[in-house]
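*Asks:* here is my input; please provide its structure:
(2 chains)
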Number of protein chains: 2
Amino acid sequence: MSVLVVGSIALDSIKTPFGNRDSVLGGSATYFSYSANFFTDVMVVGVVGQDFPQKHLDFLKKAGVDIRGIEVADGLTFKWEGEYEFDMNVAKTNATYLNVFENFSPKIPADYKRCDTLFLANIDPDLQHFVLKNISPSLMTACDTMNLWIELKRSSLLKLLKKINVLIINDAEARQLTQQANIIKAGAIIRDWGPEFCVIKKGEHGALLFSEEGIFAAPSYPLEAVIDPTGAGDTFAGGFIGYLDRIKKLDNVSLKQAMICGSALASFNVEDFSLDKLKQLSKKDIVSRYDEFKKITHFNDPGLDI
Amino acid sequence: MSVLVVGSIALDSIKTPFGNRDSVLGGSATYFSYSANFFTDVMVVGVVGQDFPQKHLDFLKKAGVDIRGIEVADGLTFKWEGEYEFDMNVAKTNATYLNVFENFSPKIPADYKRCDTLFLANIDPDLQHFVLKNISPSLMTACDTMNLWIELKRSSLLKLLKKINVLIINDAEARQLTQQANIIKAGAIIRDWGPEFCVIKKGEHGALLFSEEGIFAAPSYPLEAVIDPTGAGDTFAGGFIGYLDRIKKLDNVSLKQAMICGSALASFNVEDFSLDKLKQLSKKDIVSRYDEFKKITHFNDPGLDI
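*Replies:* Have a look, this model is predicted:
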């Protein structure tokens, strides 16, 4: 079991109603890999600059993430500055400095090609195609995208959809991609375009899985305080993909469990800035939150008699 | 088992992206009573004008709803004109004609006082107090409200909360009432103010139940086309309250099942204008949709092993 993720590694400066952090560890590949690492072996391909603190690399490595695919390039690390107001579902970007990420060309160590699962985090669809040409995972390929690529690289993205097994995007992106206000219709359309499975993330309203077997709805874990939602989507993807890679099955039961694993990991992530909460987690915490999801959603014992 | 509902009976003119209807049957007490009637005996207290079509009264009576508490007053029936755009969560009111509803003074038939459950639909909190003074239901009192009363009659509403068992409101109202952006915190605050149970309806994102046992999250049933959301909240309340009154228990298991009954009924209601879809329903349809909710939400067989 092993997952290869290709995505961004960033230094984030974040402001929320609950405080702010300057230049903390972030990026889609970072959140994804730390989350998936609770379930399976993870290999990362990404790029950082000369300014990237060694402690962050040490942290990932010590956790067991295979970081040999992280290139340290000349220049500065990708930086994102953003803030959230009281509606924590919407991030406002104040500044983006692509730096070394601007010319990112994934360099994939030869032995990474043995991976069972590939996760193409939110990067240029052309780069996602490039990686897919070089990697043929035995279990599945999943990918994410964003509004920028839906707007600028729509045809490349639509071609990509024919080659992947799972698309994981948020509700606004699903609506933008399909030009459909109704999210249930949007999920069905995306599946028609290629991926056997589609996951639509709805922030505080949970996530929906679309498959041949129908729809599965995972709620978000009820939290009285969301401190920082940055990385929640990638943390979700890490739990979802990581669990599926672990059990190497894509049947309906496993997919539903994976949705809850993703939701559980994402719920921990938003409880503190950067990866601060995830760093403290044990597998026991994850199992315990998974069990809480049962209490929150299961209702049928005994059955209905009307 | 019997539920008494006090609320509005209206003639609605509605426009949605899927069509429009002029002067069709509506009102909180109407939707609630027809929905609850699938589960228990329902008595309605409300008022209509001389213009109210007899066929609507016949329809409710034929369905088994006790309509002796519907007063036919001099004047015209309460009318609402509204429309929905592609975001079906938000209704735009074009006109409201209170007519006979403006001076509504609930007249409660003597034998209605034997009811087990009382539902105070969205009316002036002072009127809700008035009804509560005259009725002492054996099982519970539930109530709804709206932005207008939260703004204009806040102190009357807060006093009411101390006297009821269940508050059922939507997410925007919960936020307005508690001045809390976080809906989980809002639910907890409302319970602190009195009601043992609080249900927060989130439209297409389902509904949350807050109780001493924690939170239960019911998703909305995934529909590719929502034709008309008018009355969905009252239809939900009808299923929720109707089921609880039927089984006469307020334990955690029953409350969760009631949440699904409410969600099932509401999901049918939005599939057509006015009560057109509800009219066609059988108990078998309701049980079948309830069972579909299981498939959409249950995930734990076997348990998680990580």
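
*Asks:* where do the strands sit along the stretch 101-250 of chain A?
*Replies:* Counting by DSSP state E, counting those that start in this stretch, the stretch 101-250 of chain A has strands at residues A:117-120, A:140-143, A:166-170, A:197-201, A:207-211, A:214-218.

*Asks:* from those strands, which stretch is densest packed?
*Replies:* strand A:117-120 (a mean of 28; mean count of other C-beta atoms under 10 Å in any protein chain shown). Glycine gets a C-beta too; all of them are placed from N, C-alpha and C.

*Asks:* returning to that earlier point: turn the strands of the stretch 101-250 of chain A into JSON lines, columns for mean pLDDT and distance to residue A:103.
*Replies:* What follows is the strands of the stretch 101-250 of chain A, written out as JSON lines (pLDDT from 0 to 100; distance: least, C-beta to C-beta, whole Å):
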{"stretch": "strand A:117-120", "mean pLDDT": "98", "distance to residue A:103": "18"}
{"stretch": "strand A:140-143", "mean pLDDT": "98", "distance to residue A:103": "21"}
{"stretch": "strand A:166-170", "mean pLDDT": "97", "distance to residue A:103": "25"}
{"stretch": "strand A:197-201", "mean pLDDT": "98", "distance to residue A:103": "29"}
{"stretch": "strand A:207-211", "mean pLDDT": "98", "distance to residue A:103": "33"}
{"stretch": "strand A:214-218", "mean pLDDT": "98", "distance to residue A:103": "37"}
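
*Asks:* and those strands as CSV, adding distance to residue B:238?
*Replies:* Supplementary listing: these in CSV, determined by distance: least, C-beta to C-beta, whole Å:
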stretch, distance to residue B:238
strand A:117-120, 45
strand A:140-143, 42
strand A:166-170, 33
strand A:197-201, 30
strand A:207-211, 26
strand A:214-218, 22
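
*Asks:* who are the contact partners of residue A:223?
*Replies:* For residue A:223, the contact set (C-beta atoms under 8 Å, 6 or more residues apart in numbering or on different chains) comprises A:267, A:270, A:271, B:182, B:184.

*Asks:* let me fix that, I meant to ask about residue A:28.
*Replies:* A:7, A:8, A:121, A:122, A:144, A:231, A:234.

*Asks:* tally of neighbours for residue A:54?
*Replies:* If you count neighbours by other C-beta atoms under 10 Å in any protein chain shown, residue A:54 ends up with 8.

*Asks:* can you tell me how far it is from residue B:163?
*Replies:* The spacing between residue A:54 and residue B:163, counted by C-beta to C-beta, to the nearest Å, is 63 Å.

*Asks:* repeat for residue A:284
*Replies:* In terms of C-beta to C-beta, residue A:284 sits 44 Å off from residue B:163.

*Asks:* per-residue confidence for the closest residue to chain B within the stretch 1-150 of chain A?
*Replies:* Residue nearest to chain B within the stretch 1-150 of chain A (C-beta to the nearest C-beta): residue A:86, separated by 4.0 Å. With respect to pLDDT, residue A:86 scores 76.

*Asks:* likewise for residue A:268?
*Replies:* 98.

*Asks:* name the SS class of it, please.
*Replies:* helix (DSSP: H, G, I helix; E, B strand; the rest coil).

*Asks:* quick one on the thing from earlier: turn the contacts of residue A:28 into CSV, including distance to chain B.
*Replies:* Putting these into CSV (distance: C-beta to the nearest C-beta, whole Å) gives the following:
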residue, distance to chain B
A:7, 23
A:8, 27
A:121, 22
A:122, 24
A:144, 22
A:231, 19
A:234, 19
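
*Asks:* name the nearest of the residues you listed relative to residue A:196.
*Replies:* residue A:144 (16.3 Å; C-beta to C-beta).

*Asks:* please name the nearest non-neighbouring residue to the closest one.
*Replies:* Closest residue to residue A:144 apart from its sequence neighbours, by C-beta to C-beta, 6 or more residues apart in numbering or on different chains: residue A:122 at 4.6 Å.

*Asks:* quick check, that neighbour in contact with residue A:150.
*Replies:* No. Between residue A:122 and residue A:150 there is no contact under C-beta atoms under 8 Å: 10.9 Å.

*Asks:* and those two? which has more neighbours close in?
*Replies:* Taking other C-beta under 10 Å, residue A:122 and residue A:150 do not tie; residue A:122 has more neighbours (24 against 20).

*Asks:* can you read off the pLDDT for that one?
*Replies:* Reported pLDDT for residue A:122: 95.

*Asks:* what sits against it?
*Replies:* By C-beta under 8 Å, 6+ apart, the neighbours of residue A:122 are A:7, A:8, A:28, A:144, A:145, A:146, A:149.

*Asks:* among those, which one has the most neighbours?
*Replies:* Neighbour max across those (other C-beta under 10 Å) = residue A:7, 29 neighbours.

*Asks:* what pLDDT is listed against that one?
*Replies:* So, for residue A:7, pLDDT stands at 97.

*Asks:* mind checking how far stretch A:287-296 is from the chain centre?
*Replies:* Centre-to-centre, stretch A:287-296 and its host chain are 21 Å apart (C-alpha atoms, centre = their mean, to the nearest Å).

*Asks:* and for stretch A:88-98?
*Replies:* With C-alpha atoms, centre = their mean, you get 17 Å for stretch A:88-98.

*Asks:* for the helix or strand bottoming out on mean pLDDT in chain A, which positions count as buried?
*Replies:* Using mean pLDDT, DSSP states H and E, the weakest-scoring helix or strand in chain A turns out to be strand A:91-97, at a mean of 93. Buried positions in strand A:91-97, judged by neighbour count with 16 or more other C-beta atoms under 10 Å in any protein chain shown: residue A:97.

*Asks:* what's next to it, contact-wise?
*Replies:* Here strand A:91-97 has contacts from A:76, A:78, A:79, A:80, A:81, A:82, A:83, A:84, A:85, A:229, A:230, using C-beta under 8 Å, 6+ apart.

*Asks:* buried among those residues? Make that a ChimeraX selection.
*Replies:* In ChimeraX, this line selects whichever of the contacts of strand A:91-97 come out buried by 16+ other C-beta under 10 Å:
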select /A:76,78,79,80,81,82,84,229,230
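
*Asks:* farthest pair within the contacts of strand A:91-97?
*Replies:* A:76 and A:85 (28.4 Å).

*Asks:* just want the phi and psi numbers for the nearest residue to residue A:297 once chain neighbours are set aside.
*Replies:* Using C-beta to C-beta, 6+ apart and skipping residues adjacent in sequence, the residue nearest residue A:297 is residue B:297, 4.6 Å away. Note on residue B:297: its backbone torsions stand at phi -120, psi -20 [degrees, to the nearest 10].

*Asks:* for residue B:297, what are its contacts?
*Replies:* A:216, A:217, A:297, A:298, A:299, B:218, B:219.

*Asks:* make JSON lines out of these and add distance to residue B:158.
*Replies:* Below are the contacts of residue B:297 laid out as JSON lines (distance: C-beta to C-beta, whole Å):
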{"residue": "A:216", "distance to residue B:158": "39"}
{"residue": "A:217", "distance to residue B:158": "34"}
{"residue": "A:297", "distance to residue B:158": "32"}
{"residue": "A:298", "distance to residue B:158": "34"}
{"residue": "A:299", "distance to residue B:158": "31"}
{"residue": "B:218", "distance to residue B:158": "27"}
{"residue": "B:219", "distance to residue B:158": "31"}
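
*Asks:* just give me the residue closest to the centre of chain A.
*Replies:* residue A:234 (2.2 Å; C-alpha atoms, centre = their mean).

*Asks:* who touches that residue in this structure?
*Replies:* For residue A:234, counting by C-beta under 8 Å, 6+ apart, the contacting residues are A:7, A:28, A:29, A:30, A:31, A:32, A:35, A:121, A:144.
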